[in-house]
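Colleague: Quick one, structure for this:
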Amino acid sequence: MVGLIDSLMENYYIPPVIFNMIRVQDHNGNTIFKRICVDGKQRLSSIKAFMEGRIGCHDSRHKTWFYTGSRRKTLPENVKDEFRRKEIVCYEIMDLSSTQEQDLFSRVQLGVQLTPAEKLRAQTGKWQGLAKEFERDFSSVLELCRTQRARGFQNILTCFAMILECQNSAKNEPSFKSGFQVLKRFESDSRSLKPATEKHLRRVFMIFQELIGRYATVFVDMSRKRTAKTTIAPMELIATSVLISQWADTRNHFLLSNDIRNMRKYVRSFTPDVFTNSTTWKHFWDYIENLESHR
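Modeller: Below is the predicted model of the structure:
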C-alpha cells in the first residue's frame, strides 16, 4: 500500500482502474450509475488509507510523512494539494454481466485464471456482501486456515451453507454443501438471508472468535503439516461453526472449547488428513449430533 503512494508521489506509472457501470433507479425513479470496481480495488484502498492518515509515504531520505495526523510529521499543504490533483486513468465499461466481470478481471491479471473461490467472491449479492463483512470482522477465525485467492471467503460461505443445512434439513444426516456449483446456487438464494439468520450467523462467529482468544490451544495444528500461520483444516473450521451453531445455547465457552478439541481428535482417529468431503463430514456430524455421548 505504501509503495503505491510512493509511486504516485514520484509520478511513476499507475495501472488504470476499471469500473463496471451499472444503471440503477434512485428513489425518485431517476436513472443513476453505480460503479463496481473490477480491477484496482487495492489502489483505491491505498489512496483512501493514505488520505485518512492510516499509512504514510517516504521522501528521498526514506523518512515517513503522513497526509494528516496531529502527532506525526505531516506533508506541507502545497504537497498535499499536488497529491489531490494527481490523476489516475479510469476505464468505465457499461453493464457488464457478472460473468463478463470475471472474464475481464482474469484477462487483466495477465491471463491467470480465476479460482472457483475467486469467482464466487466476484459475484454481487446479499450472501456475498455478508461473507465479505465477516472476512473483515472475524479475521482471526479465517486465519486459522489458508486465505489466499479467496479461500477464506469460500470457507465462510461454506460455513453459512452448512449451518443453514443443519438447521433446516429433514434428513437424519444433513448433506455436505461445498464446491463451486453448490455454493453458487446457495449465494444466489438471497431470500434465505433473513435478519434472524444473519443475527444467528454473526453470533456463531463472535463466539468462535472469543474461543480463539480464550482457548488458543484448542486450535493447535494436530497434523504437523501446515504452515505456522495456519493451524486447522478448512473442514475443521466449517464443522466448528456448525457445532457452535447447534450447541451454543446450552453450553458455555469452556464446555464448547473442550467439545471442539475432542471433536478434532475424534475425527482424526478415522481420517488423519481431514479432507474436505462428504466422507469426512459424516464423522464430524456423528460427533456433533451425538455430542453428549462422546463426552
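Colleague: and the gap between D6 and D59?
Modeller: 9 Å (CB to CB, to the nearest Å). Every residue, glycine included, has its C-beta placed from N, CA and C.
Colleague: Kindly report the same for T158.
Modeller: For T158, the distance to D59 (CB to CB) stands at 47 Å.
Colleague: Compare the two and say which one has the larger neighbour count.
Modeller: T158 (24 against 13; other CB atoms under 10 Å).
Colleague: Spell out which helix or strand contains the more buried one, please.
Modeller: With elements taken from DSSP states H and E, the one containing T158 is helix 151-168.
Colleague: Just the buried residues of the following helix or strand past that helix, please?
Modeller: Downstream of helix 151-168, the first helix or strand assigned by DSSP H and E is helix 180-188. For helix 180-188, a neighbour-count test (16 or more other CB atoms under 10 Å) marks 183, 186-187 as buried.
Colleague: all helices for this structure, in order.
Modeller: Ranges of helices in the chain, per DSSP state H, are 2-9, 41-51, 77-84, 98-108, 116-122, 126-137, 139-142, 151-168, 180-188, 195-214, 234-247, 253-268, 278-289, 291-294.
Colleague: wait, what's in contact with the residue nearest to F160 when sequence neighbours are not counted?
Modeller: Leaving aside its chain neighbours, F160 sits nearest to L201 (6.1 Å; criterion: CB to CB, 6 or more residues apart in numbering). For L201, the contacting residues are 130, 134, 159-160, 163, by CB atoms under 8 Å, 6 or more residues apart in numbering.
Colleague: what's the pLDDT at L201?
Modeller: With respect to pLDDT, L201 has a value of 97.
Colleague: F83: how many residues sit nearby?
Modeller: F83, neighbours per other CB under 10 Å, totals 17.
Colleague: quick one: contacts for it?
Modeller: Contacts of F83 (CB under 8 Å, 6+ apart): 8-9, 67, 75.
Colleague: What subset of those residues is buried?
Modeller: 8-9, 67, 75.
Colleague: how about a markdown table for these, with distance to D259 and pLDDT added?
Modeller: Output for the buried ones among the contacts of F83, formatted as a markdown table (distance: CB to CB, whole Å; pLDDT from 0 to 100):
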| residue | distance to D259 | pLDDT |
| --- | --- | --- |
| L8 | 51 | 90 |
| M9 | 53 | 88 |
| Y67 | 49 | 92 |
| L75 | 54 | 91 |
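Colleague: Distance of L8 relative to E143?
Modeller: 30 Å.
Colleague: re earlier: can you tell me what sits against the helix holding T158?
Modeller: 116-117, 120-121, 127, 130-132, 134-135, 142-143, 145-146, 174-178, 182-183, 186-187, 192, 197, 200-201, 204-205, 234, 237-238, 241-242, 245-246, 285, 288.
Colleague: Just the buried subset of the residues you listed, written out for PyMOL, thanks.
Modeller: To isolate the buried ones among the contacts of helix 151-168 in PyMOL, judged by 16+ other CB under 10 Å, type:
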select buried, resi 117+120+121+127+130+131+134+135+142+145+146+174+176+177+178+183+186+187+201+204+205+234+237+238+241+242+245+246+285+288
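Colleague: separation between F153 and K194?
Modeller: 21 Å.
Colleague: Could you check which of these two is surrounded by more residues?
Modeller: In terms of neighbours (other CB under 10 Å), F153 is the more surrounded of F153 and K194; the figures are 22 against 9.
Colleague: Next, count neighbours for R72.
Modeller: 12.
Colleague: how about the nearest residue to it, chain neighbours excluded?
Modeller: F66 (4.6 Å).
Colleague: residues touching the one you found, list them.
Modeller: Contacts for F66 (CB under 8 Å, 6+ apart) come out as 53, 56-57, 72-75.
Colleague: Quick check, F134 in contact with M206.
Modeller: No: counting by CB atoms under 8 Å, F134 does not reach M206; the two are 10.4 Å apart.
Colleague: what's the spacing between the closest residue to T197 other than its chain neighbours and S192?
Modeller: Excluding the flanking residues, the one nearest T197 by CB to CB, 6+ apart is L164, at 7.1 Å. L164 sits at a distance of 7 Å from S192 (criterion: CB to CB).
Colleague: how many other residues sit next to the residue nearest to T197?
Modeller: Considering only other CB under 10 Å, L164 is surrounded by 20 other residues.
Colleague: With the one 4 residues further on instead?
Modeller: A total of 9 residues lie near N168 under the criterion other CB under 10 Å.
Colleague: Likewise for K73?
Modeller: With other CB under 10 Å as criterion, K73 counts 11.
Colleague: And the one 4 residues further on, by the same measure?
Modeller: Here the count is done by other CB under 10 Å, and E77 has 8 residues near it.
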